[in-house]
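# build me a structure from this.
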Amino acid sequence: MAMDFRRATDELFAPISHKELANALGSSVPSIRQARLEESAKAHRRPPDGWESKVAKLARAKAAALMRLADRLS
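Sure, this is the predicted structure:
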């Protein structure tokens, strides 16, 4: 069955949630939210160690999902 406009754009707009990021980093959602605050904010916390490689892995997975979407629509 062909993909309809709504389903395709739902996939296109789907974000990576705070929960997904927290799980990937072995952290909690509140910790992720605090790490995303401006450094000057009183509640700011440092991001988890090693976050760069794990965020890169999530980004690659998101990119691959978008490439699969593009392929299905071509």
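# in this protein, where is pLDDT below threshold?
Flagging of the chain using pLDDT under 70 yields the residue ranges 1.
# center of it - which residue?
With the centre of the chain defined as its mean C-alpha position, the nearest residue by Cα atoms, centre = their mean is Ile16, 2.8 Å away.
# ok, that one - contacts?
Shown in contact with Ile16 (Cβ atoms under 8 Å, 6 or more residues apart in numbering): Leu58, Lys62. Backbone N, C-alpha and C define where each C-beta goes, glycine included.
# any idea how far it is from Gly26?
Using Cβ to Cβ, to the nearest Å, one gets 16 Å for the distance from Ile16 to Gly26.
# ranges for the helices of this structure?
5-13, 18-25, 29-36, 51-73 (DSSP state H).
# reformat those as CSV; add distance to Lys42 and mean neighbour count.
What follows is these, written out as CSV (distance: least, Cβ to Cβ, whole Å; neighbours: other Cβ atoms under 10 Å):
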stretch, distance to Lys42, mean neighbour count
helix 5-13, 33, 11
helix 18-25, 20, 16
helix 29-36, 10, 16
helix 51-73, 21, 12
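# nearest to Arg45, out of the ones you listed?
helix 29-36 (4.1 Å; Cβ to Cβ).
# only alpha carbons, please: show that closest one as PDB.
What follows is helix 29-36, C-alpha atoms only, in PDB (Å, rounded to 0.1, in the frame of the first residue of the first chain):
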ATOM      1  CA  VAL A  29      14.400  12.800  31.700                       C
ATOM      2  CA  PRO A  30      14.800  15.500  34.400                       C
ATOM      3  CA  SER A  31      18.600  15.300  34.100                       C
ATOM      4  CA  ILE A  32      18.400  15.700  30.300                       C
ATOM      5  CA  ARG A  33      16.100  18.700  30.700                       C
ATOM      6  CA  GLN A  34      18.500  20.300  33.200                       C
ATOM      7  CA  ALA A  35      21.500  19.700  31.000                       C
ATOM      8  CA  ARG A  36      19.700  21.400  28.100                       C
END
